[in-house]
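>>> I need the structure of the sequence given here:
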Amino acid sequence: MKSILIALILMVSITAKSQEIALTVSKKYLNLPISTKTERAKMSFTFNGKPILNFNIRLATGEPDYWVFYDLSKYKGQTLEINYTGNPSGLKKVYQDERIAGQDSMYKEVNRPQIHFSTRRGWINDPNGMIYLDGEYHLFYQHNPYETDWENMHWGHAISKDLVHWKELPTALFPDSIGTMFSGSALVDHKNTSGFGKDGIAPMVAVYTAPPVQCLAYSLDKGQTFTKYKENPVLKGRGDRDPHVFWYEPGKHWVMSLYENSGMAIYTSKDLKQWNYESQTSGFYECPQFFELPIDGNKSNKKWVLYGASGVYMIGTFNGKAFTPESGKYRYINGNVYAAQTFANIPNSDGRRIQMGWGQITHPGMPFKGMMTLPTELTLRSTNDGIRLFSYPVKEIDALQEKEYCWENIDPKKGTEFLQQFNNAAALRIKLTLKITHPDKVKLSLNGQEIFSYFLSWSKVNDQFYFPNDITSKEITADIIIDKTSAEVFIDGGAYSFVLQRDVNSKNKTGFQFSPEWCEIKSLKVYPMKSIWE
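Here you go, the predicted structure:
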């Protein structure tokens, strides 16, 4: 029995040793092979004896399905020890390089979105910490850098000067001993209420969930690096997830809206560190956004908007501690979109409330999954049914439009004929005004997939109830923006919008088709769009 026990101990020791490798960091990237057929196992990185990261990964033992990477830039010259609990043969394929595996084809892949942000490798979901600072829009997001499925939540990071062209930066927040990095928001602490500022620099502060508690991290270099608050967590016990934090000037305090107990809770703080529970509004799920907007552009007449991840919202008033709903619940968006967030700290000279959401879109055969929806401006407008929230693409997107093609007062047959030349466009914008002449559903399809439809008699757009401002009108407008794997459609100037997953594997190659033929196309404008990656 003793000899068997010794043999088992030796076997475990040999196996454990075979799962460890050490190397001196000399290149920019560590490339890691991934197989969807492999079971997840734990991997850890230690640099110069200091544990830095633990995560799960499906390391390929044979031919990889795709490659992911880890940025080694700040560890040049250090010793990296990698421990892996899975099949040790997968470690033999791991290698350093100055380039990401597959970099030559990056952003040119067959199913890579051309006008939407998508990450270089891995999974993305909720946008986080969206903030404007010194001429740059910062987009943080839920990110699994090591796989195209949800796991290992980090905060990814990208920046843009125009809301259109994005540059992906190194990962901003990594899992730690408290937990993984779930959703949250970011702010600039101009008054340095937190004390995180230094030498006159107002800190950028990220407020995030490490489930089920809320934590802080701050940056003094415009989000390039973050330091986590040593007294984390700052809110625990009652807290659930997805804090949205902003400064409430009338009360001289911070406000946090937090998903909690099947609703949105309100907390307040003077310093971002000590929080007091104030109130709750029930009936929302996850990822709150809470902000004030002028009605019809009138800055002296404003209302507060509270919405959750599903795109359902209420309109009301706010006294700094409690939200009082006055109308709703309404929905302004639908389809393959979730957890939209708005940019903080946009200057008063701009004044827009700009939103982006998680596009729940897959990209068949690609080493990445998910994307961000197009940035849209949110406005409150008066309608015959009361005040409603509108969402419409920001003006910056117009810069991607190439030559305009325009036709007026044509029948659907002619419309189909004119659109055929754009069947294979990588990215396309179609602005359409239809006049209905028959009480049946009219639609525009692409390769047999319904992109946009309107059923006047049933008051439905793409099989969802939609009531135009003029309920007797027989006209409807649609702004349709098509990318490699998605379509975003904005109805009647943004009164309603939706996001679709394109069927890129369809064997139907009929291209664009209007049907049936009993409607009038009052206006058809088409714009091929340039890639944001060029």
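
>>> need the three-state assignment for Pro439.
At Pro439 the chain is in coil, as set by DSSP: H, G, I helix; E, B strand; the rest coil.

>>> relative to His165, how far out is it?
Pro439 sits 45 Å away from His165, going by Cβ to Cβ, to the nearest Å. C-beta here means a position set from N, CA and C on the backbone, and glycine is covered the same way.

>>> and for Asp71?
Counting by Cβ to Cβ, the gap from Asp71 to His165 is 21 Å.

>>> packing partners for the longest strand out of those in the chain?
For the chain, the strand with the greatest residue count under DSSP state E is strand 122-133. When contacts are defined as 3 or more Cβ pairs under 8 Å, 6 or more residues apart in numbering; DSSP states H and E, strand 122-133 sits against strand 136-144, strand 154-160, strand 184-188, strand 204-210, strand 337-342, strand 353-359, strand 368-369, strand 371-372.

>>> partners of the third one in the sheet?
When you say that, I think you mean strand 184-188. Sheet pairing of strand 184-188 (DSSP bridges) gives strand 204-210 (antiparallel).

>>> just the second one next, same as before
Here strand 154-160 is paired, per DSSP bridges, with strand 136-144 (antiparallel), strand 167-173 (antiparallel).

>>> hmm, back to that, so for Pro439 and His165, which sits in the more crowded spot?
Per other Cβ atoms under 10 Å, whichever of Pro439 and His165 has more neighbours is His165, with 16 against 11.

>>> wait, that one sits on Ile532?
Yes. With contacts counted by Cβ atoms under 8 Å, His165 reaches Ile532, the gap being 5.0 Å.

>>> picking that back up, present the strands paired with strand 154-160 as TSV; the columns should include mean pLDDT.
Shown next, in TSV, are the strands paired with strand 154-160 (pLDDT from 0 to 100):
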stretch	mean pLDDT
strand 136-144	98
strand 167-173	97
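
>>> give me whichever of the ones you listed is most buried.
Highest mean neighbour count among those (mean count of other Cβ atoms under 10 Å): strand 136-144, with a mean of 24.

>>> export that one as PDB, just CAs?
Extracted C-alpha coordinates of strand 136-144, given in PDB (Å, rounded to 0.1, in the frame of the first residue of the first chain):
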ATOM      1  CA  GLU A 136     -11.500  61.200 -26.700                       C
ATOM      2  CA  TYR A 137     -14.400  58.800 -26.200                       C
ATOM      3  CA  HIS A 138     -13.500  55.900 -24.000                       C
ATOM      4  CA  LEU A 139     -15.400  52.700 -24.400                       C
ATOM      5  CA  PHE A 140     -14.800  50.000 -21.800                       C
ATOM      6  CA  TYR A 141     -16.700  46.700 -22.100                       C
ATOM      7  CA  GLN A 142     -17.200  43.300 -20.600                       C
ATOM      8  CA  HIS A 143     -14.500  41.100 -22.200                       C
ATOM      9  CA  ASN A 144     -13.200  37.600 -22.100                       C
END
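
>>> quick one: residues contacting Gly320.
In this structure, Gly320 makes contact with 248, 250-251, 253, 255, 268, judged by Cβ atoms under 8 Å, 6 or more residues apart in numbering.

>>> report the mean per-residue pLDDT for stretch 329-342.
Averaging pLDDT along stretch 329-342 gives 97.

>>> could you list the domains of this structure?
Listed domain ranges for the chain are 15-104, 106-396, 401-528 (source: automatic domain parsing).

>>> one step back: which of the strands paired with strand 154-160 sits closest to Pro288?
Among these, the nearest to Pro288 by Cβ to Cβ is strand 136-144 (15.7 Å).

>>> and the pLDDT for Ile480?
pLDDT, Ile480: 98.

>>> apologies, that question was intended for Arg238.
On the pLDDT scale, Arg238 gets 68.

>>> likewise for Lys522?
96.

>>> any stretches of the stretch 101-250 of the chain with poor pLDDT?
238-239 (pLDDT under 70).

>>> okay, the helices and strands packed on strand 122-133 in TSV with distance to Trp518 next?
TSV is the format used below for those (distance: least, Cβ to Cβ, whole Å):
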stretch	distance to Trp518
strand 136-144	44
strand 154-160	44
strand 184-188	49
strand 204-210	52
strand 337-342	32
strand 353-359	34
strand 368-369	40
strand 371-372	36
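
>>> nearest to Tyr496, of the ones you listed?
In terms of Cβ to Cβ, the element of the helices and strands packed on strand 122-133 nearest to Tyr496 is strand 337-342, at 12.5 Å.

>>> okay, helices next: where are they in this structure?
2-18, 412-419 (DSSP state H).

>>> between those helices, which gets the lowest average pLDDT?
Lowest mean pLDDT of those: helix 2-18, a mean of 34.

>>> what's the local residue count around Phe465?
Phe465: 11 neighbours (other Cβ under 10 Å).

>>> quick one: contacts for it?
Ser459.

>>> how close does the spatially closest residue to Arg241 that is not a sequence neighbour get to Val234?
Closest residue in space to Arg241, ignoring its immediate chain neighbours: Thr209 at 4.1 Å, by Cβ to Cβ, 6 or more residues apart in numbering. Per Cβ to Cβ, Thr209 is found 11 Å from Val234.

>>> neighbour count winner among the two?
A direct count of neighbours by other Cβ under 10 Å for Thr209 and Val234 places Thr209 higher, at 25 against 21.

>>> give the contact list for the more buried one.
Contact analysis of Thr209 by Cβ under 8 Å, 6+ apart lists 182-184, 215, 239-243.

>>> rerun that using 6 Å as the cut-off
182, 184, 241 (Cβ atoms under 6 Å, 6 or more residues apart in numbering).

>>> next one: Gly511
With Cβ under 6 Å, 6+ apart, Gly511 has these contacts: 420, 423.

>>> Glu408: how many residues sit nearby?
Per other Cβ under 10 Å, the neighbour tally for Glu408 reads 10.

>>> next: the one 10 residues further on.
Neighbour count for Phe418, taken as other Cβ under 10 Å: 18.

>>> repeat for Thr437
14.

>>> so it sits right up against Ile521, yeah?
No. Using Cβ atoms under 6 Å, Thr437 is not in contact with Ile521; the gap is 10.8 Å.

>>> and the residue nearest to Met130 when sequence neighbours are not counted, how far is that from Ile333?
Closest residue to Met130 apart from its sequence neighbours, by Cβ to Cβ, 6+ apart: Phe343 at 4.6 Å. Phe343 sits at a distance of 17 Å from Ile333 (criterion: Cβ to Cβ).
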